[in-house]
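> Any chance you can model this:
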Amino acid sequence: MKLKLSLILALVITLVATVFWEIYWRNQGRIPNIDDNKNLWANQRDKLDKPNENDVTFIGSSRILYAIQLDIWEEETQTKPIMLAAQGGSPIPVFRDIVDNTEFNGTLIVGITPALFFSTLHPQVDFIKRPQFLVDYHKKRTYAQRINHALAVPLQKNFTFIRDGDEAWDSDVDLKTLISHIYQDERGGPIFPPFNNFEDISLDRHMKMPKLVETDTAYANSIKKVWTAILSGDYPPPDVDGTISAFVELSKTFRERGGNLILVRCPSDGLFRERETQDFPRKTFWDRLLIESNSKGYHYLDYQQFHNLFLPEWSHLATSDAQFFTRELIKLMKADNVISNSKSN
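As a prediction, the model looks like this:
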């Protein structure tokens, strides 16, 4: 009897504590959100196991993830896109996976972020490790992991303190992140600026910039501080020959089986634009990539309508501007006959 009473009491205390913990964080302005993680990516990658020639797939880094609004794309082209961009990563590992492990021969749109694309092919560098991890996870994913993800999603949608992300955000309020904020001092090295969450993503990986980042200058500036710290680092010279050569080889194989390849250079601003202009001059990098891969490309600087779009933290488009960018990019591609209105299944 005492054991039963203790169990009931423990459950009541746990329930009350959970409710108050959730209320506390809601009062701090936090809201539940889904994490962009390996399972969301793998679910989209599954779609290429049974490809359709009318499919449109996006690969690249977070810039194209934010820039392409999937609902707008589907509305304007009557095709449901597949989003396989990998945040903070080169598109080459994902491109290689598509070429080597699928029969996909639809339209592949590749977002080119200069520092991530041209820097290296070394497997131990984060730019390559991040997307390769996603590719490997998709190959090895178990039914237990699928079930665990399915169970985690409803919790993420309803509780602010539940997360299932591959990356840690300093603004997260799960217990692990909160404990990590207890810094002793700087004897272990300088403390990196806090990197706050700026994701609003759906299960099909439709990413939008949160309103908070667009309207709260201080919050946006906290992200800019992280970018400034990253861009201030010392990096080896980019491997332009190696990265272009690898991409050209993959693009040749992809086209030989009927694939349609399009490259897109999404907007950047502020310090990102300055460093990209200085460190990755267009003629040496973007223009050469287009020529050697024989690809159709769309660079935002070539189109006046893309010159003054709003990027709250320099690297990713605000939602309304991303919607505009998507619509205008579709118009350009249709005018060039590189995409059609074919309805996918």
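
> where does the stretch 151-300 of the chain dip in pLDDT?
Applying pLDDT under 70 to the stretch 151-300 of the chain picks out residues 162, 164-165, 169-191.

> Any chance you could list what contacts whatever helix or strand residue 230 lives in?
Using DSSP states H and E, residue 230 falls within helix 217-231. The contact list for helix 217-231 (C-beta atoms under 8 Å, 6 or more residues apart in numbering) reads 192-196, 198, 212-214, 270-272, 275, 312-315. Quick note: C-beta positions are derived from backbone N, CA and C, even for glycine.

> so where do the helices sit in the stretch 51-200 of the chain?
Ranges of helices within the stretch 51-200 of the chain are 62-67, 70-77, 92-101, 114-117, 126-140, 143-158, 175-180, based on DSSP state H, counting those that start in this stretch.

> Include mean neighbour count and distance to residue 303 when you put those into JSON lines, please.
Putting the helices of the stretch 51-200 of the chain into JSON lines (neighbours: other C-beta atoms under 10 Å; distance: least, C-beta to C-beta, whole Å) gives the following:
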{"stretch": "helix 62-67", "mean neighbour count": "25", "distance to residue 303": "13"}
{"stretch": "helix 70-77", "mean neighbour count": "18", "distance to residue 303": "17"}
{"stretch": "helix 92-101", "mean neighbour count": "20", "distance to residue 303": "25"}
{"stretch": "helix 114-117", "mean neighbour count": "24", "distance to residue 303": "18"}
{"stretch": "helix 126-140", "mean neighbour count": "18", "distance to residue 303": "27"}
{"stretch": "helix 143-158", "mean neighbour count": "12", "distance to residue 303": "37"}
{"stretch": "helix 175-180", "mean neighbour count": "11", "distance to residue 303": "40"}
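
> quick one, which of these is nearest to residue 41?
helix 126-140 (4.8 Å; C-beta to C-beta).

> And the closest one, what does it pack against?
With contacts taken as 3 or more C-beta pairs under 8 Å, 6 or more residues apart in numbering; DSSP states H and E, helix 126-140 sits against helix 38-46, helix 92-101.

> on that earlier part again, mind giving me the PyMOL select for the contacts of helix 217-231, buried ones only?
The PyMOL command for the buried members of the contacts of helix 217-231 (criterion: 16 or more other C-beta atoms under 10 Å) is given here:
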select buried, resi 193+195+196+198+212+213+214+271+272+275+312+313+314+315
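
> Might you report the residue contacts of residue 139?
residue 101.

> any idea how far it lies from residue 123?
Distance of residue 139 to residue 123, given as C-beta to C-beta, to the nearest Å: 16 Å.

> Pull up the distance across stretch 63-82, start to finish.
15 Å (C-alpha to C-alpha, to the nearest Å).

> what separates the lengthiest helix in the chain from the chain centre, distance-wise?
Counting residues, the longest helix found in the chain (DSSP state H) is helix 2-27. Distance of helix 2-27 from the chain centroid (C-alpha atoms, centre = their mean, to the nearest Å) equals 36 Å.

> chain center to stretch 270-289, what's the gap?
Counting by C-alpha atoms, centre = their mean, stretch 270-289 comes out at 21 Å from the chain centroid.

> before we move on, what about stretch 253-273?
Worked out by C-alpha atoms, centre = their mean, stretch 253-273 lies 15 Å from the chain centre.

> Can you mark which positions in it are buried?
254-255, 259-269, 271-272.

> So residue 160 is in contact with residue 18, correct?
No - here residue 160 lies out of contact with residue 18, judged by C-beta atoms under 8 Å, at a distance of 11.3 Å.

> The two: who's more crowded?
residue 160 (21 against 12; other C-beta atoms under 10 Å).

> Tell me how far that one lies from residue 231.
Counting by C-beta to C-beta, the gap from residue 160 to residue 231 is 31 Å.
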